[in-house]
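Chemist: Sequence plus predicted model, see below.
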Amino acid sequence: MFHDGLTTDSILRATAAARPDHIAIEQGALRLTYRQLDEAVDRLAAHLHQAGLARGDRIAYLFANQWEILAAYHAIGRLGAVVVSLNYRLTPAELDYQLSRTTARALLYDESFGPALAELPASLRASIYLISAGAPADGPPPQATMAGIMAGPRGPVPDAAVRGADDSGIWFTSGTTGRPKGAIVRHASSVASAEVTAQVCRVTERCRFLATAPMFHRGAMEDMHLAVTMVGGTHVLLPRFQARRALEMIESERISHAFIVPTMARMMVDEPGCEQFDLGSMERWISASAPFPAELAARVRQRLRLAENVVMDVYGITESLLNTHCQPAEKLARPTSVGRPVPKMQLRIVDAADRPLAAGEVGEIVTAGPTTFRSYLSDAEAFRAAVFSAEGRTWYRTGDVGYLDRDGFLHIVDRKKDMIITGGENVYCVEVEAAIATHPGVAEVAVVGWPDEVWGERVVAVVVARPGVALAAAEITAWCATIAPYKRPREIRFVDALARNSFGKIQKAVLRRPPQ
């Protein structure tokens, strides 16, 4: 059921009317109230309209965590256009692919990305209306700047009559297993994501939310920041994540909530002197995007002196936000769980024939509910492969493997494509990684399968040692005595760092390629 009155833009309109003088955005010395943010969105939407952009057009943006990304997100929605959120870590070739695939008609960007845009094909640049945040020192000349738009006259804002069933955005997947797909999302799905996040993460009007995770990801923008806007909280923006700066800002800005993925968490607890910071203002440390190992969660609580009612875990993916939540007390009691389904979302475990499995049985995690996406952009075959119908609902195959315990708590075992079959036995990488991660000299570990003529696949552990620690392969092998012999790594590789994508997820597709 779609709610026609609820759209991403109507959320900002309502909050600006209810809390006009409350600070919406803090970024360094910059302060914007909700009234000022709403007026900025009006100006930007009016300019886009005057430039010939209209309802249904696809408009891209390329920003770090800065106030312009929130203004662009809402202005595109106000126009009735469709957001195309670009990852600022993409290469020019990757930007070319996503802009071309979405047929974006305009691009809003921070001037620091001008050099990357200069490498786009001239024909593509010529077809796109460019708006830079400020005057770029390098790169293609934009048709306008956001600074100029904000300083100029305020034009009329079109009445786009946007409905909940209309498309709101195209969000590219993380691309850990192949080329990213564009997930098309409706306004109703975006709003539902924000609603459920506000409820389960206890985001209220008192919230001071630190932007740590990149806001070009749907999980950060539509789960977290849209929820903050919905309740009238304050967005405290950290343009790019730095562990020490995040710790400093939590202390100095009295941050109450932050979305901190496990990679960021590890960097923060490894930061020298991290225990000296006062993080007592934190009400919710929200972890997602990758498994949150029990040992890391314990280190976060101990090293950063957080109360036991702060650290929580949630589970969601680009195509399906938000699926489960594990509250702090539940996380302490069930450290390997990502919790129970959030309100209005259905979740089950199915076998290869999509039949529901009983509690404790391992299978693929599938979801159904209002936060799921509509389709994949120009890829009907991929969409058909990703969904199935049962009991009057469309279920999305997450590609994650897990099980539900007897109390209905979800435990993620592995990515479906990450499971290793060696000698006919299934080995779940997460289980092996958890065993190795407890070694005091191990900073990080990823387990993958490599082709093997005898066993089909062999278990390989790629290990990052802690600074100053010398590890030997035999030591890691011996440490795995707690797991069955067939699960233990047959080969161990030591590296300085693991390949990751922009959301901190390990790129196992890279690690699966044995060195030549």
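Modeler: Done, it's in.

Chemist: can you pull the contacts of Thr15?
Modeler: By CB atoms under 8 Å, 6 or more residues apart in numbering, Thr15 lies in contact with 24, 34, 229-232. Where you see a C-beta, it was placed from the backbone N, CA and C, and this is true even at glycine.

Chemist: Over to Glu195?
Modeler: The neighbours of Glu195, taking CB under 8 Å, 6+ apart as the test, are 227, 230.

Chemist: repeat for the one 3 residues further on
Modeler: Taking CB under 8 Å, 6+ apart as the definition of contact, the neighbours of Ala198 are 204, 227, 230-231.

Chemist: Need the pLDDT of Gln5.
Modeler: In this structure residue 5 is Gly, not Gln. Looking at Gly5, its pLDDT is 66.

Chemist: and Gln66, how many neighbours does it have?
Modeler: Look at Gln66: counted by other CB atoms under 10 Å, it has 21 neighbours.

Chemist: residue contacts, it?
Modeler: Gln66 makes contact with 27, 110, 133, 237, 239 under the criterion CB under 8 Å, 6+ apart.

Chemist: how about low-confidence regions in the chain?
Modeler: Along the chain, the parts satisfying pLDDT under 70 run over 1-5, 174-179, 424, 501-504, 516.

Chemist: State the phi and psi torsions of the residue nearest the centre of it.
Modeler: A centroid search over the chain (CA atoms, centre = their mean) returns Gly219, at 3.9 Å, as the residue closest to the centre. When read as degrees, to the nearest 10, the backbone of Gly219 gives phi -60, psi -40.

Chemist: Would you check that it makes contact with Glu319?
Modeler: No - contact status for Gly219 versus Glu319: not in contact, 10.9 Å apart, counting by CB atoms under 8 Å.

Chemist: For the stretch 1-150 of the chain, just list every one of the helices.
Modeler: Secondary structure of the stretch 1-150 of the chain (DSSP state H, counting those that start in this stretch): helices at 8-18, 34-50, 67-79, 92-102, 114-118, 122-127, 146-151.

Chemist: and these, which is most packed in?
Modeler: Of all these, helix 67-79 has the most neighbours on average by mean count of other CB atoms under 10 Å, namely a mean of 28.

Chemist: Which elements pack onto that helix?
Modeler: Counting contacts by 3 or more CB pairs under 8 Å, 6 or more residues apart in numbering; DSSP states H and E, helix 67-79 is packed against helix 8-18, strand 23-27, helix 34-50, strand 58-62, strand 82-85.

Chemist: Minimum distance to Val442: which of the ones you listed has it?
Modeler: strand 82-85 (34.7 Å; CB to CB).

Chemist: Could I get the CA-only coordinates of the closest one as PDB?
Modeler: C-alpha atoms of strand 82-85 as PDB (Å, rounded to 0.1, in the frame of the first residue of the first chain):
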ATOM      1  CA  VAL A  82      14.700  11.000  -9.800                       C
ATOM      2  CA  VAL A  83      17.900  11.000  -7.700                       C
ATOM      3  CA  VAL A  84      21.000   9.300  -9.100                       C
ATOM      4  CA  SER A  85      23.500   9.200  -6.200                       C
END
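
Chemist: Contacts for that strand, please.
Modeler: Strand 82-85 has contacts (CB under 8 Å, 6+ apart) with 56-61, 72-73, 76-77, 98-99, 102, 104, 167-172, 216-218, 221.

Chemist: Of those, select the buried ones using a ChimeraX command.
Modeler: Buried residues among these (16 or more other CB atoms under 10 Å), as a ChimeraX selection:
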select :57,58,59,60,61,72,73,76,77,98,99,102,104,167,168,169,170,171,172,216,217,218,221
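
Chemist: returning to that earlier point: can you put the helices and strands packed on helix 67-79 in TSV and add distance to Asp400?
Modeler: TSV is the format used below for those (distance: least, CB to CB, whole Å):
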stretch	distance to Asp400
helix 8-18	27
strand 23-27	34
helix 34-50	36
strand 58-62	29
strand 82-85	23
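
Chemist: what separates the residue nearest to the centre of the chain from Gly449, distance-wise?
Modeler: According to CB to CB, to the nearest Å, Gly219 and Gly449 sit 28 Å apart.

Chemist: and if you look at Met150?
Modeler: 53 Å.

Chemist: before we move on, back to that, quick one: which of the contacts of Ala198 is most hemmed in?
Modeler: Ala227 leads those on contacts (other CB under 10 Å) with 25 neighbours.

Chemist: what domains does the record give for this protein?
Modeler: Listed domain ranges for the chain are 34-186, 241-414, 419-511 (source: automatic domain parsing).

Chemist: Of all the residues in stretch 308-321, which ones are buried?
Modeler: Counting neighbours by 16+ other CB under 10 Å, one finds that the buried residues in stretch 308-321 are 310-321.

Chemist: Over to stretch 15-34?
Modeler: Across stretch 15-34, burial judged by 16+ other CB under 10 Å covers 15-16, 19, 23-27, 32-34.

Chemist: For those, give me CSV that also has distance to Glu453.
Modeler: CSV is the format used below for the buried residues of stretch 15-34 (distance: CB to CB, whole Å):
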residue, distance to Glu453
Thr15, 62
Ala16, 65
Arg19, 66
Ile23, 63
Ala24, 60
Ile25, 58
Glu26, 59
Gln27, 56
Leu32, 62
Thr33, 66
Tyr34, 64
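
Chemist: Tell me the one of the residues you listed nearest His187?
Modeler: Nearest to His187 among the buried residues of stretch 15-34 is Thr15, at 16.0 Å by CB to CB.

Chemist: could you pull out the strands for the stretch 251-400 of the chain?
Modeler: 257-259, 284-287, 311-317, 320-326, 340-341, 346-350, 363-368, 375-376, 387-390, 393-404 (DSSP state E, counting those that start in this stretch).

Chemist: so of those, which one's packed in deepest?
Modeler: Ranked by mean neighbours (mean count of other CB under 10 Å), the strands of the stretch 251-400 of the chain are led by strand 320-326, with a mean of 28.

Chemist: Pull the distance from that strand to the chain's centre.
Modeler: Going by CA atoms, centre = their mean, to the nearest Å, the spacing between the C-alpha centre of strand 320-326 and its chain's C-alpha centre is 12 Å.

Chemist: Show me what that strand packs onto, helices and strands only.
Modeler: Strand 320-326 makes packing contacts with helix 187-200, strand 311-317, strand 340-341, strand 393-404 when contacts are defined by 3+ CB pairs under 8 Å, 6+ apart.
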